[in-house]
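Participant: Dropping a prediction and its sequence here:
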Amino acid sequence: MNLVSRSARMMILAAAVMAAAPAMAADHAVTIKGFAFSPATLTVAAGDTVTFTNEDSAPHTATAGDGSFDTGRLNKGASATVTIAGAGNHAYKCNFHASMKGTISAN
Ligand SMILES: [Cu+2]
């Protein structure tokens with residue numbers, strides 16, 4: 001076997017492995033700062049994860065109204081990663097501050 005054919009075989013093998021593997025879930029970031037979620041609206045693919053990080057001194061949560069995710073209490077500097085399993089629009093809020101709202105739309 002010469003080097004060219006070995007290289008071609010490796011490329012074919014790699015392509016086959018990539019095609020067989022399920023789509024990789026992406027991670028998205030939401031920052032909580034100044035008593036607001038940023039970005040407040042976010043579109044993801046179902047199965048993706050979202051990491052919420054609290055940069056405020058006050059504790060916050062990101063709690064979906066439909067129960068699909070909940071970070072629980074995030075103290076200053078804390079973060080939590082949730083999986084957005086279901087498609088649709090998931091409105092969420094902070095359990096401690098009713099004015100803090102966001103929406104994650106999953107396709
Ligand atoms: Cu809050």
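Facilitator: Cool, the structure landed.
Participant: Okay, and the beta partners of the closest residue to Gly77 other than its chain neighbours?
Facilitator: Ranked by Cβ to Cβ, 6 or more residues apart in numbering and with sequence neighbours excluded, the top spatial neighbour of Gly77 is Asn54, at 6.8 Å. C-beta here means a position set from N, CA and C on the backbone, and glycine is covered the same way. Here Asn54 sits in beta bridges with Ile32, as judged by DSSP bridges.
Participant: In contact with Asn54, which residues?
Facilitator: For Asn54, the set of contacting residues under the criterion of Cβ atoms under 8 Å, 6 or more residues apart in numbering consists of Ile32, His60, Leu74, Asn75, Lys76, Gly77, Ala78, Ser79.
Participant: and which of the residues you listed is nearest to the ion?
Facilitator: Nearest to the ion out of those is His60 (Cβ to the ion; 3.3 Å).
Participant: wait, doesn't that closest one sit right on Cys94?
Facilitator: Yes. Contact criterion Cβ atoms under 8 Å: His60 and Cys94 qualify, at 4.7 Å.
Participant: Between these two, tell me which one has more neighbours.
Facilitator: Neighbours around His60 and Cys94, counted as other Cβ atoms under 10 Å, are more numerous at His60. The numbers are 26 against 23.
Participant: Run through the residues that contact the more buried one.
Facilitator: Applying Cβ under 8 Å, 6+ apart, we find His60 in contact with Ile32, Phe35, Asn54, Arg73, Leu74, Cys94, Phe96, His97, Met100.
Participant: correct me, but the first one touches Thr51?
Facilitator: No. In this structure, Ile32 is not within contact of Thr51 by Cβ under 8 Å, at 11.0 Å.
Participant: Compare neighbour counts for the two and give me the winner.
Facilitator: Between Ile32 and Thr51, Ile32 has the larger neighbour count (other Cβ under 10 Å), namely 25 against 14.
Participant: residue ranges of the helices in the protein, please?
Facilitator: In order along the chain, the chain carries the following helices (DSSP state H): 3-20.
Participant: ok, which residues in it are in contact with the ion?
Facilitator: Within reach of the ion by Cβ under 5 Å from the ion, the chain has these residues: His60, Cys94, Phe96, His97, Met100.
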